[in-house]
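Engineer: Structure of the sequence below:
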Amino acid sequence: MLDLLATTALHTHQLVAAVDNPLDGLVPDFSFGGTKFTQLWQKAITAIWGIGILISIVYLVIGIVGMAGASGEVNPNPQAHAVGRKNALWAGVSLGVLAALALVVGAILTFAT
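Structural biologist: Numbers count the residues shown, from 1 in each chain. Now for the predicted structure:
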């Protein structure tokens, strides 16, 4: 039984090694639409990125205000404070990732190749 598995694994390895990578040496090229198209999609991506940063800032402020309102001295509300803290935490993480998006994408592409 083990001989059969070893033989099958050897033949599979030889078959996979014999197949050439059709994408070997190719790199992505985003200039297929000309310079105006390239400028347009780059502006659109940066606009979406900027809007994402603004939205995460708004959610961060809402979360912090929710935490502050829930921990008042007159009527403290631990449940509302926990919800505000969770929202502020997620908004802060989102803001950090969006601020470092170029670094994150660059690292993923570096390790993927």
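Engineer: From here on, just use CA atoms for contacts and neighbour counts.
Structural biologist: Will do.
Engineer: for the chain, what's the longest helix?
Structural biologist: helix 34-70 (DSSP state H).
Engineer: which regions of this protein lie under the pLDDT threshold?
Structural biologist: 1-19, 21, 113 (pLDDT under 70).
Engineer: Quick check on Gly72: phi, psi?
Structural biologist: Note on Gly72: its backbone torsions stand at phi -70, psi 160 [degrees, to the nearest 10].
Engineer: check contacts around it.
Structural biologist: Neighbouring residues of Gly72 by C-alpha atoms under 8 Å, 6 or more residues apart in numbering: there are none.
Engineer: if I look at it, how far off is Leu60?
Structural biologist: Going from Gly72 to Leu60 by C-alpha to C-alpha, to the nearest Å gives 19 Å.
Engineer: do the same with Asp24
Structural biologist: Distance from Asp24 to Leu60, by C-alpha to C-alpha: 44 Å.
Engineer: How about Lys86?
Structural biologist: Distance, Lys86 to Leu60, by C-alpha to C-alpha: 10 Å.
Engineer: Comparing these two, which residue is more hemmed in?
Structural biologist: Neighbour count, other C-alpha atoms under 10 Å: between Lys86 and Leu60, Leu60 has more, with 23 against 15.
Engineer: Assess the claim that the more buried one and Gly84 are in contact.
Structural biologist: No. Using C-alpha atoms under 8 Å, Leu60 is not in contact with Gly84; the gap is 9.2 Å.
Engineer: Now do the SS call for Ser31.
Structural biologist: coil (DSSP: H, G, I helix; E, B strand; the rest coil).
Engineer: Could you tell me how many residues sit around it?
Structural biologist: Neighbours around Ser31, by other C-alpha under 10 Å: 11.
Engineer: gap between it and Pro22?
Structural biologist: Taking C-alpha to C-alpha as the measure, Ser31 falls 21 Å from Pro22.
Engineer: Same question for Ile55.
Structural biologist: Where Pro22 is concerned, Ile55 sits at a distance of 41 Å (C-alpha to C-alpha).
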